[in-house]
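Q: Below are the sequence and a predicted model; questions follow.
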Amino acid sequence: QVKLVESGGGLVQPGGSLRLSCEASGFTFSRFAVSWYRRSPGKELEWVATISSTTGDFTTHAPSVKGRFTISRDNTKDTVYLQMNRLKPEDTAVYYCSRTLEFRREDFWGQGTQVTVFS
């Protein structure tokens, strides 16, 4: 059974950092790309970043987070990370990881982790 579990969310002040984790189980993790999305209050789901399968050589980030957020993976731990630096209040959202079949096409989702950036 495919399972994705996010962790690492919390409260942080503007300019601070958080690292989100997404631990996978129930499938051969290294064979799949993985993505992060977020949903802010009153807004639609927003794609944040994607990392390719296997070695994760290819990564891509949304313009709104490029240069501040970095997606990475550790196949020995079946885990994908989202390092978030220089956080802004507009980064406040529930962050979800997903198993990616092809760019922007996901088949399984985690339950989400809340990130709140407050002054």
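A: In hand now; what should we look at?
Q: Return the list of strands paired to the longest strand along the chain, each annotated with direction.
A: If you go by DSSP state E, the chain has its longest strand at strand 93-102. Strand 93-102 pairs in its sheet with strand 33-39 (antiparallel), strand 105-109 (antiparallel), strand 113-117 (antiparallel), by DSSP bridges.
Q: Among those, which comes closest to Phe27?
A: Closest to Phe27 of the strands paired with strand 93-102 is strand 105-109 (C-beta to C-beta; 8.3 Å). Where you see a C-beta, it was placed from the backbone N, CA and C, and this is true even at glycine.
Q: got a list of contacts for the closest one?
A: Defining contact as C-beta atoms under 8 Å, 6 or more residues apart in numbering, one finds that strand 105-109 is touched by 2-4, 35, 37, 96-101.
Q: Likewise for stretch 23-36?
A: Counting by C-beta under 8 Å, 6+ apart, 1-5, 7, 20, 22, 47-54, 71, 73, 75, 77-80, 82, 95-104, 106 sit against stretch 23-36.
Q: for that stretch, how far is the first residue from the last?
A: Terminal residues of stretch 23-36 lie 12 Å apart, using C-alpha to C-alpha, to the nearest Å.
Q: got it, and stretch 69-87?
A: Span of stretch 69-87 from end to end, C-alpha to C-alpha: 9 Å.
Q: what's the average pLDDT for it?
A: For stretch 69-87, mean pLDDT is 97.
Q: List the buried residues for that stretch?
A: Within stretch 69-87, the residues that count as buried by 16 or more other C-beta atoms under 10 Å are 69-71, 73, 75, 78-82, 84, 87.
Q: Of all pairs in those, which one spans the longest distance?
A: Farthest pair in those (C-beta to C-beta) is Asn75 and Leu87. Separation: 27.2 Å.
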